[in-house]
Every structure is written in structure tokens, then in C-alpha cells.
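J.: this one's structure only:
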């Protein structure tokens, strides 16, 4: 038996026009899945899908605003109508504000952060379940952050709240989805070198492995949790941080 084969699977990755989302979608496609690239930046999503197709991979591009329940419902219905299955959901879409101190926090900043980073995960997971429960073996992978474990000293209290919420909600979904044989797990990246964090100039020397993480480092964990390698793992939080935070 060949483990890790995703032939015939349909994998939705939110926020996948670039960065961790795109790298994750590519690995899933390379394992045989049809990668559904969803992003608020539809042109970026279409460009990524064309890149995948030129490499012989199966991919589709859809506009998705995860903060809008109507957009989530519409896109998921369109994906299912087109591909007749939703087997894997990777909740990756997120935003990162420049660090905002607690005294400077505004309701607008707070609400926007939680709308995209936490509520978006809830909307996508909730509305994907009616499609995913049609057959056993589904996988949901949620991208949280080291900030949700350590207090987000570089990212702001609103980002910390959203990512800590993802960790907690992932456990709640894992318990609920177990009855449908759907695994739900969470990944917490640490100091990463991505388009979203590049301007922060994080020092790799503070990481025990002496380097910053990459989108591919996270994508490899997404792939593991999306395949049958992880069939008996649910409700787990996997740290991808080079040893910076050890539990």
C-alpha cells in the first residue's frame, strides 16, 4: 500500500495565492490532489493555478473572502458542484497587522483581525462539513501561530487572540468531527520568512536551529496531516518553530 497518495482528493487551501498557502497547495497537488486555490486576490489565485497546471498538476482557482459567510457558502458550493467532492480543507488565510500595543488597540483593528483569522476559519470549517461528511476520511488542517501560545509579543494582542482561538477551536472541531471520521489538527509556525513577515527582519540566531522557517517547512506538515499518514491523529497542535518553543 502506498501511503501519502492523494489521487482523487479535492483539497481546498484558503489564502493560497502565495506563501504558506501556495506551498501547501502545491505539495498536495504533487501528491495527486486537485488543489483548489482560494484567495481574496483572485488574479493571484489564477496565476498560481496556471503555474500548477503548467507543471502538470491539477488545480482550480476561486475567489474567497473568508471573513464573509456569504462568500464562503458560495465558493464552497461552487467547488463542490464543479469537483463533486471536498476531502481536505486547509484553513490558512490570515492577515498580520504591524504590532499594535494594548493601549493603542482599536475596535476596528480587533474586529478585522478576528474576522479574517478566526471567524474565517469557523465559517470555512462549518460550511465545508456538509460536503465533507458525505464520506469518511476527511482532513481539516488549521494554521495558527506560535503567537497564540506565547502571547504574541511581536504580533499584537488581536493576532494573539485570533491564533490562540484557532488552537482552541481546532480541539472542539476534532471532538465533533471524530464521529464522521474527519481528522482536525492545528499547526503553529514560529519565526517564518514569508512575504508577510519579510519586513520584520527577525533574527535567525534566536532560533535553536539557527534559521527562520520557510513556507515549505509548514507545507510539509500540512501534507502529513492531510494524508493517511496521520489517520490516528486528531486534535493535535504541531509546532513548526525550529525549537524556539518547546512544550
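T.: Yep, it's here. Small disclaimer: the values here were computed from a predicted structure and weren't measured. Numbers count the residues shown, from 1 in each chain.
J.: going forward, measure contacts between C-alpha atoms and count neighbours the same way
T.: OK.
J.: so, low pLDDT: which residues of the chain?
T.: For the chain, the stretches with pLDDT under 70 are 1, 196-199.
J.: report the central residue of this protein.
T.: In the chain, the centroid-proximal residue (C-alpha atoms, centre = their mean) is residue 92; its distance is 2.3 Å.
J.: who's in contact with the helix or strand hosting residue 49?
T.: Assigned by DSSP states H and E, residue 49 belongs to helix 42-54. Counting by C-alpha atoms under 8 Å, 6 or more residues apart in numbering, helix 42-54 makes contact with 16-18, 22, 26, 37-39, 58-64, all of which sit outside it.
J.: in strands, which of those residues appear?
T.: Under the assignment DSSP state E, the contacts of helix 42-54 contribute 37, 38, 39, 59, 60, 61, 62, 63 to strands.
J.: separation between the residue nearest to the first one when sequence neighbours are not counted and residue 33?
T.: Right, residue 37. Using C-alpha to C-alpha, 6 or more residues apart in numbering and skipping residues adjacent in sequence, the residue nearest residue 37 is residue 61, 4.8 Å away. Counting by C-alpha to C-alpha, to the nearest Å, the gap from residue 61 to residue 33 is 14 Å.
J.: before we move on, what SS does the residue nearest to residue 80 when sequence neighbours are not counted have?
T.: Spatial nearest neighbour of residue 80, excluding adjacent residues (C-alpha to C-alpha, 6+ apart): residue 86 at 6.4 Å. Three-state call for residue 86 (DSSP: H, G, I helix; E, B strand; the rest coil): coil.
J.: kindly tell me how buried residue 86 is, as a neighbour count.
T.: By other C-alpha atoms under 10 Å, 27 other residues sit near residue 86.
J.: and the strands in this protein?
T.: Secondary structure of the chain (DSSP E): strands located at 10-14, 34-39, 59-63, 88-91, 139-143, 183-189, 237-240.
J.: want to throw the ones you listed into a markdown table with distance to residue 49 and mean neighbour count?
T.: As requested, the strands of the chain are arranged in a markdown table below (distance: least, C-alpha to C-alpha, whole Å; neighbours: other C-alpha atoms under 10 Å):
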| stretch | distance to residue 49 | mean neighbour count |
| --- | --- | --- |
| strand 10-14 | 12 | 28 |
| strand 34-39 | 7 | 27 |
| strand 59-63 | 5 | 22 |
| strand 88-91 | 16 | 27 |
| strand 139-143 | 21 | 26 |
| strand 183-189 | 24 | 26 |
| strand 237-240 | 27 | 20 |
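J.: residue 246: which of those is closest?
T.: Closest of those to residue 246 is strand 237-240, at 8.4 Å (criterion: C-alpha to C-alpha).
J.: I'd like to know which elements the closest one is packed against.
T.: Judged by 3 or more C-alpha pairs under 8 Å, 6 or more residues apart in numbering; DSSP states H and E, strand 237-240 is in contact with strand 183-189.
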